[in-house]
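**Q** Whatever this is, show me its structure:
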Amino acid sequence: MTGGTGPDAPDTRVTVLDDSDYQIPDEWALKEAYADPQSIVHHGDTLYIAGTHNLRDVADDLLIPLHMVRNSQRYGQALAALHKANGRILFLAGHSLGGAVEAVLQEDAVSGALGNKYRGFREVHTYGAPLLHSNQIPNLLSQGL
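**A** Numbers count the residues shown, from 1 in each chain. As a prediction, the model looks like this:
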């Protein structure tokens, strides 16, 4: 799949588990992730995680405020991609549900829950993710929200 138009348009092809060294903007790779059947794209040392775009994802969105993102299909897909990459992922980028998933993956990596190959990612780029921390709930309740 390519993007852009004209002879000077950059090549935006992203293949799952592509080990290329060239960099591409997160926006382009996330569009590829949305088009991918698994909603995950691995390019170079970055894993791109798509957000909500089907009914299953809508149901999984309800897991976010319950701190149960690890039970979502997208978390399982991202975890499988990390294992398949065998320690080569240094960066995460995600949108919407994908952003919530990557936040939990970073938490799991830092805690050691992902094993020795992933002990934290260098950068995590989160776009439009619905995140709610438990320490925010009392503040929301006191404001009548």
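**Q** quick one, helices of the protein?
**A** With helices called from DSSP state H, the chain shows them at 26-35, 55-61, 73-85, 97-111, 137-142.
**Q** tell me the most buried of those?
**A** Neighbour counts (mean count of other CB atoms under 10 Å) averaged over each of the helices of the chain peak at helix 97-111, with a mean of 22. Just so you know, the C-beta spots here come from the backbone N, C-alpha and C atoms, and that holds for glycine as well.
**Q** pLDDT (mean, whole number) over it?
**A** Helix 97-111 shows a mean pLDDT of 94.
**Q** Compute the inter-axis angle for that helix and helix 73-85.
**A** 50 degrees (axes from the mean of the first three to the mean of the last three CA atoms, to 10 degrees).
**Q** Quick one: residues in contact with helix 97-111.
**A** Contact with helix 97-111 is made by 30, 33, 39, 47-52, 57, 60-61, 64, 69-70, 72, 74-75, 78-79, 82, 92-94, 114, 118-121, 124, 126-131, as judged by CB atoms under 8 Å, 6 or more residues apart in numbering.
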